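In: Attaching a predicted model along with its sequence, questions to come.
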Amino acid sequence: MADPKRLKLFRNIGIIAHIDAGKTTLTERVLFYTGRSHRMGEVHDGTAVMDWMEQEQERGITITSAVTTCRWADHEIHLIDTPGHVDFTIEVERSLRVLDGAIAVFSAVDGVEPQSETVWHQADRHHVPKIAFINKMDRIGADFNNTVGQIEEKFQTIPLPLQLPIGIESDFRGIVDLVSMKQIVWLDETLGAEFKMEEIEPGLRDEANEARENLVAKLGEFDDELMESYLGGTAVTDDRLIAVIRRLTLELKAVPVLCGSALKNKGVQPLLDAVVNFLPSPVDVPAMEGKNPATGALEQRASDEKAPLSALAFKIYMDQGRKLTYLRIYSGVLQVGSDILNVSKGSREKVSRIFEMHANKRERIEKSGAGNLVAVLGLKTTTTGDSICDPNHPLLLEPVDIYEPVISVSVEAQTRSDQEKLFDSLAKLSEEDPTFRFSESADTGQIIVSGMGELHLEIVLNRLSRDYHVAVNAGKPQVVYRETIGCKAQATGVFDREIGGTRNFAQVQVSLSPKQRGLGNEFVNKVRDGSIPEIFFQAVEQGIQDALGSGTVAGYPVVDVETTAFSGLFQEGASSELAFRVAASMAFRNAFETAGPLLLEPYMLVEILTPDESLGVVIDDINMRKGKIENISARKAIQVVSARVPLSKMFGYSTALRSSTQGRATYTMHFSHYDVASQ
């Protein structure tokens, strides 16, 4: 629990980056140096504390965001380690939605990589201030200045290098701090836990003085008092520099840049100091805004424990069948046993337990207040993005943006007992991960599971087998086509048959007209001459509905057809509902065959985000897939391509796009409409 003054000492931060930039290795060092863990876990050994899932340890990648709490310089840091792989981008999205600041990690060898761009833009969208940490300074090919240049060019921001590396590649041994104008060298025998702060060595003084001058000059452009000191030759104090850097960072006008080597235990403590000095506390960010569900008016809640409770559920995790709900508490106090309102669902919930999380380990607490990230047991109806509030002061917060799945496969249970558990297990997985969806196709009977990419679905199916003990076979889904007509036609259907010793007779005449795409089917009854008694009208309409269920081209459902019944014939004592139902169906089929039947396929609206240099490759590929480019627009340093493409041509696109753009382009797609099949 924290009093208002303590809130200023909170930092809710995330570590974001491209896959393999060193996020988890850096997090392990943070936990070790802050005393949160007593041994240093390694990703390559599968011993990282934050990568606790078996799938993460086997693959050496982060799959799910992990939350922990540590303390540094009297500050309480709530830290989320996020995945770097594009398939798990929802984990980054929902983490950034509830965080106040972020550390963006870059490889000094690879510079700004594709997924780095994606997560940076995600952070910008949520107005999250950032610190850049250039990692892997000990690796062959490391280039600090080149990476700083890429940050400036690709993100169109102002990088503020606060450090200079001492040595490079295998000779990297420390840093020069341009704020304190001291050099820091780490002691290898203490695993980097201890370091020496000393005067800058003679060979680096000129470079350090020039870099410090450049830093002050750059900051002076945003601060008149600092500029006067700079032009007047007056010494600028460390505190004054830190204050200006902090203000520019919080205003998203500049990004402090630090460097080090997490694997070699160098540069982590100054980064923690920078988190404390430059990233916001809950009271530094704007008050959370939401909508009052009763009045529709916008209301604000300051980060204060005395204000009414408001929190956002940003993550669900199923732990041995029990549902853990992760909450960011924005205001008020949450207590065990308290009744709360899920504003999004309109349901009351009761908090049975509250935990402070450390990756997959948890520590029970009785209550928690504004500014905290906690996990809660007992919330039955709550899902990702739901607003949790004091029942007497409801406030609907902005939910978490959920991405639409872009790839699907079909699955079937291997045994009858697996079949019984399959739907329940899929439901639990989809509750944890809102970008994972499943459905049973009414047309093919297949169970279709959908996700963000091949790796995403591979992990889901692996968890289905490992965590839920359900064995499935996976295949490729079938594209569900539709049928329609190209021109008008009319025909007659006659049913005359003896069934069970009773004659059944009916005759129906119909005309068919094509409708505009997407308008659906329509039945019009224009029988006005008494040739079909009113008592049989419903049977005629039912017969038409039966016929619309499967066309004559390939047996797919029929869409966008107007069917008009205009005449018929009945015989007293021989006509029946069954006869008129079948006759109407026959009339429709006869007319359909002469109305220029067409096969329709689903078209997807695809939005591709690509760097300028890959634009031509992306457009060529869309054209090869028989797609139609609708719009190309610039968004900062990237191009946004909107196109409509047949779904049948989009299988495998995720892999093809990544390989043709060196992984720098990403895309989303959702259903647009049905149109004439391209083949």
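Out: In hand now; what should we look at?
In: and the end-to-end length of stretch 393-402?
Out: 27 Å (Cα to Cα, to the nearest Å).
In: Which parts of the stretch 401-550 of the chain are helices?
Out: Using DSSP state H, counting those that start in this stretch, the helices assigned to the stretch 401-550 of the chain run over residues 416-432, 454-466, 537-548.
In: Determine which of these approaches residue 608 most closely.
Out: The minimum distance between residue 608 and these falls on helix 454-466, with 17.7 Å, by Cβ to Cβ. (Glycine included, C-beta is placed from N, CA and C.)
In: now the angle from the closest one to helix 416-432?
Out: Per axes from the mean of the first three to the mean of the last three Cα atoms, to 10 degrees, the angle that helix 454-466 makes with helix 416-432 is 130 degrees.
In: what packs against helix 454-466?
Out: On a contact count with 3 or more Cβ pairs under 8 Å, 6 or more residues apart in numbering; DSSP states H and E, helix 454-466 meets helix 54-59, strand 407-413, helix 416-432, strand 447-451, strand 472-475.
In: Send me that helix as PDB with only the CA atoms.
Out: Extracted C-alpha coordinates of helix 454-466, given in PDB (Å, rounded to 0.1, in the frame of the first residue of the first chain):
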ATOM      1  CA  GLU A 454       2.100 -19.900 -37.800                       C
ATOM      2  CA  LEU A 455       4.200 -19.800 -34.600                       C
ATOM      3  CA  HIS A 456       1.200 -18.500 -32.600                       C
ATOM      4  CA  LEU A 457      -0.900 -21.400 -33.700                       C
ATOM      5  CA  GLU A 458       1.900 -23.900 -33.100                       C
ATOM      6  CA  ILE A 459       2.300 -22.700 -29.500                       C
ATOM      7  CA  VAL A 460      -1.500 -22.900 -29.000                       C
ATOM      8  CA  LEU A 461      -1.700 -26.400 -30.300                       C
ATOM      9  CA  ASN A 462       1.300 -27.400 -28.200                       C
ATOM     10  CA  ARG A 463      -0.400 -26.000 -25.100                       C
ATOM     11  CA  LEU A 464      -3.600 -27.800 -26.000                       C
ATOM     12  CA  SER A 465      -1.600 -31.100 -25.800                       C
ATOM     13  CA  ARG A 466       0.700 -30.200 -22.900                       C
END
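In: re the thing from before, for the helices of the stretch 401-550 of the chain, which has the smallest mean pLDDT value?
Out: Mean pLDDT is lowest for helix 454-466 out of the helices of the stretch 401-550 of the chain, coming in at a mean of 81.
In: and it, how far from the chain's centre?
Out: Put simply, helix 454-466 sits 17 Å off its chain's centre (Cα atoms, centre = their mean, to the nearest Å).
In: Would you mark the buried spots in it?
Out: Neighbour-count burial for helix 454-466, counted by 16 or more other Cβ atoms under 10 Å, picks out 455-461, 463-464.
In: now stretch 260-280
Out: For stretch 260-280, by 16+ other Cβ under 10 Å, it's 260-275, 277-280.
In: again, but for stretch 490-510
Out: Neighbour-count burial for stretch 490-510 [16+ other Cβ under 10 Å]: 490-495, 504-510.
In: What of stretch 601-614?
Out: Here stretch 601-614 shows 601-604, 606, 608-611, 614 as buried, counting by 16+ other Cβ under 10 Å.
In: Over to stretch 544-553?
Out: By 16+ other Cβ under 10 Å, the buried positions in stretch 544-553 come out as 544, 547-548, 551, 553.
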